[in-house]
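Q: Here is a sequence with its predicted model. Questions after.
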Amino acid sequence: MKQRKGSVLRLATPVKVLVQRFAFLALIAATFALMMLGKADVVVLERVRTVAADAIAPILDALSRPAATISEMMDRVHQIAAVDAENARLRAENDRLLNWQHVARQLSAENTQLKSLLNFSPAAAQSFVTARVIADAGGAFVRSLLVNAGEHEGVKKGNAVVTGDGLVGRVVTVGDRAARVLLITDLNSRIPVEIESSREQAVLAGDNTDLPEIVHMADHVTVAVGDRVITSGSAGVFPPGLPVGVVTSVNGSDIRVQPFIEWSRLEYVRVVDFGTNGILLPSIERSPAKR
Amino acid sequence: MYTTFWQRLDTIARRMLPVAVTLLLALFAGVPFHIPGFGEMAPAVVLISIYYWTIFRPDLLPTPAVFAIGLVQDVLTGTPLGVNALVLLLVFAVVLGQRRFFLGKSFLVMWWGFLLIVAGAMAGLWMILSSLDGTIINPLPGVFQGALTVAVFPLLTWVFIRSQQALLRGV
């Protein structure tokens, strides 16, 4: 009896090793197959991706809440310490904003009058969804995040993602309950922009650093540090006029922009459907569906 | 020996520890912590987990699980599907081949070995992503991430040792 068990074991071990080796090689081959399919933009794979993200989304949502609570509590402590100075600052700001509100009301009224005179057709109505950021920038080599709103909430591929500060990025994949946002700093992000003061068109290209670069700008244009950069609305990707950032350095053709967004503080974002349907021109969008 | 249903269930639950811990770490790594610059440099804790369990309990870390954990990471971080899975599988294979060397060695030797593994893994990740993107990605964030990962290795390893002693003794 004892001997028989031994002989079975002696036979079983090499077979087991062989099976394990084969499984390992098969899985390695599977990773390569996945990468190749991903490179070829297979629709099924994107579907798998979004389904998987959907499945993970509730877990991530739950996990991200304690982290958010802790950072909120720390903020609260800071605020209490500075409440007096903050109050004075807010009063001053309120005065200033009331002035602006007055101006804005006047301009709005004037604008409606002038539009009615011109028979102007207004831009498509926008709708938006507010979403929580549930997963952060993807490690060292990718700039993207997951939000907890998807098709169910009306999010569509190509929607602009903004906060009160400015443009965050663009929705690249949509699941039922979650969507992935490609940040404007990602290597694959190309955004048609213009310099606010001169209205010169260019493209804002991310390169995984915090300061995306301005490319495809006409040679004769001069750009100065401090110029504001906004979306241009060309190519129909985003509506015109969304604030993007400020030019921080100009070295010959190397023009860098500091986005208005403070990436580490992103907690809630607005996913806005501007009715542009996310038409992405291949010449500008190198690989919109990759990520 | 006669084992009851509950004993068997208990054993199964305990034997799932390495995979469960690694999966949990993969999920945690994606949670936004709202610390400036942390997203790019957050330590690759999954690598530590894979390294540790491959050396001490490879029987509880099946190859398909390593593959699946890599895919979860890909979905979470937005890297092309298969990239992290490939890196983790290669790390798993390399460490498995060298585990006899690490067993019974001092902690410093293990730490040194991990440094080499992280360097290899980050370089691999960088090369795969660069070639998939067709450009040369700035490798610097990867270097920082690797350094931070090596720095938190002792802390996480301590937790693993304690949990192995507490839950996996004789299982």
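A: It's in. Numbering: from 1, shown residues only, chains lettered A, B, ... in the order given.
Q: quick one: contacts for B:Ala151?
A: By Cβ atoms under 8 Å, 6 or more residues apart in numbering or on different chains, the contact set of B:Ala151 is B:Pro43. In this view, the C-beta of every residue, glycine as well, is placed from N, C-alpha and C.
Q: Go over the secondary structure and confirm B:Val46 is in a helix.
A: Yes - under DSSP: H, G, I helix; E, B strand; the rest coil, B:Val46 sits within a helix.
Q: Determine the number of other residues adjacent to it.
A: For B:Val46, the neighbour count with other Cβ atoms under 10 Å in any protein chain shown is 28.
Q: gap between it and chain A?
A: 10 Å (Cβ to the nearest Cβ, to the nearest Å).
Q: ok now do that residue, which residues does it touch?
A: Each residue near B:Val46 by Cβ under 8 Å, 6+ apart is listed here: B:22, B:25-26, B:29, B:69, B:73, B:88.
Q: Of those residues, which one scores lowest on pLDDT?
A: Among the contacts of B:Val46, B:Ala29 carries the weakest pLDDT, at 79.
Q: Would you agree A:Asp54 is in contact with A:Gly175?
A: Yes - using Cβ atoms under 8 Å, A:Asp54 is in contact with A:Gly175, at 3.9 Å.
Q: Going by distance to A:Pro192, which of the contacts of B:Val46 wins?
A: Nearest to A:Pro192 among these, counting by Cβ to Cβ, is B:Gln73 at 32.6 Å.
Q: Which strand or helix spans that closest one?
A: Taking DSSP states H and E as the criterion, B:Gln73 maps to helix B:63-77.
Q: Just the strands from chain A, written as ranges.
A: When assigned using DSSP state E, the strands of chain A occupy the ranges A:127-135, A:144-147, A:160-162, A:167-174, A:179-183, A:190-195, A:201-205, A:213-215, A:228-231, A:243-251, A:254-259, A:268-273.
Q: what's the model's confidence in the second one, averaged?
A: Averaged across strand A:144-147, pLDDT comes to 87.
Q: Who are the packing partners of the next helix-or-strand element following the helix holding B:Gln73?
A: Under the assignment DSSP H and E, the closest C-terminal helix or strand after helix B:63-77 is helix B:83-102. If contacts are counted by 3 or more Cβ pairs under 8 Å, 6 or more residues apart in numbering or on different chains; DSSP states H and E, helix B:83-102 sits against helix A:2-39, helix B:45-56, helix B:63-77, helix B:107-133.
Q: Determine if any part of stretch B:69-81 is in contact with chain A.
A: Yes - residues of stretch B:69-81 contacting chain A under Cβ under 8 Å from any Cβ of the partner chain: B:70-72, B:75-81.
Q: Return the member of those residues nearest to chain A.
A: Nearest to chain A among the residues of stretch B:69-81 next to chain A is B:Thr77, at 3.0 Å by Cβ to the nearest Cβ.
Q: neighbours around the closest one, how many?
A: Residues lying near B:Thr77 (other Cβ under 10 Å) number 25.
Q: quick one on the thing from earlier: for the helices and strands packed on helix B:83-102, which one sits closest to A:Glu262?
A: helix B:63-77 (20.8 Å).
Q: Give the buried residues for the closest one.
A: Using 16 or more other Cβ atoms under 10 Å in any protein chain shown as the test for burial, helix B:63-77 gives B:63, B:65-77.
Q: and which of those is nearest to A:Glu267?
A: Using Cβ to Cβ, B:Leu76 is the member of the buried residues of helix B:63-77 that lies nearest A:Glu267, at 18.0 Å.
Q: What sits closest to the closest one if chain neighbours are left out?
A: Closest residue to B:Leu76 apart from its sequence neighbours, by Cβ to Cβ, 6 or more residues apart in numbering or on different chains: B:Gly30 at 4.2 Å.
Q: For A:Glu110, see how far away that neighbour is.
A: Look at B:Gly30 and A:Glu110: by Cβ to Cβ, to the nearest Å, they are 49 Å apart.
Q: So which of those two has more stuff around it?
A: Between B:Gly30 and A:Glu110, B:Gly30 has the larger neighbour count (other Cβ under 10 Å), namely 27 against 10.
Q: Tell me the confidence at that one?
A: pLDDT at B:Gly30 comes out at 74.
Q: Next: the one 10 residues further on.
A: What the model reports for B:Glu40 is a pLDDT of 67.
Q: Kindly report the same for A:Gly138.
A: 62.
Q: do A:Pro288 as well
A: You'll see A:Pro288 listed with a pLDDT of 41.
Q: Okay, now the unreliable bits of chain A?
A: A:1-14, A:120-126, A:137-139, A:236-237, A:275-291 (pLDDT under 70).
Q: repeat that for 50
A: Within chain A, the stretches with pLDDT under 50 are A:1-5, A:277-291.
Q: picking up where we left off before, list the contacts of the helix holding B:Gln73.
A: Residues beyond helix B:63-77 that count as contacts (Cβ under 8 Å, 6+ apart) turn out to be A:20, A:23-24, A:27, A:30-31, A:49, A:52-53, A:56, A:60, A:135, A:138-139, A:142, A:144, A:146, B:19, B:22-23, B:26-27, B:29-30, B:46, B:50, B:79-89, B:92.
Q: rerun that using 7 Å as the cut-off
A: With contact meaning Cβ atoms under 7 Å, 6 or more residues apart in numbering or on different chains, helix B:63-77 is reached by A:20, A:23-24, A:27, A:49, A:52-53, A:56, A:135, A:138-139, A:142, B:19, B:22-23, B:26, B:30, B:46, B:50, B:80-85, B:87-89, B:92.
Q: Tell me how far A:Asp210 lies from B:Asn138.
A: With Cβ to Cβ as the criterion, A:Asp210 and B:Asn138 are 11 Å apart.
Q: Going by neighbour count, which of the contacts of helix B:63-77 are buried?
A: Among the contacts of helix B:63-77, those scoring as buried are A:24, A:27, A:49, A:52-53, A:56, A:135, A:138-139, A:142, B:19, B:22-23, B:26, B:30, B:46, B:50, B:80-85, B:87-89, B:92 (criterion: 16+ other Cβ under 10 Å).
Q: Give me the buried positions along stretch B:135-152.
A: Buried residues in stretch B:135-152 (16+ other Cβ under 10 Å): B:137-139, B:141-146, B:148-150.
Q: Lowest-scoring secondary structure element of chain B by mean pLDDT?
A: helix B:38-41 (a mean of 68; mean pLDDT, DSSP states H and E).
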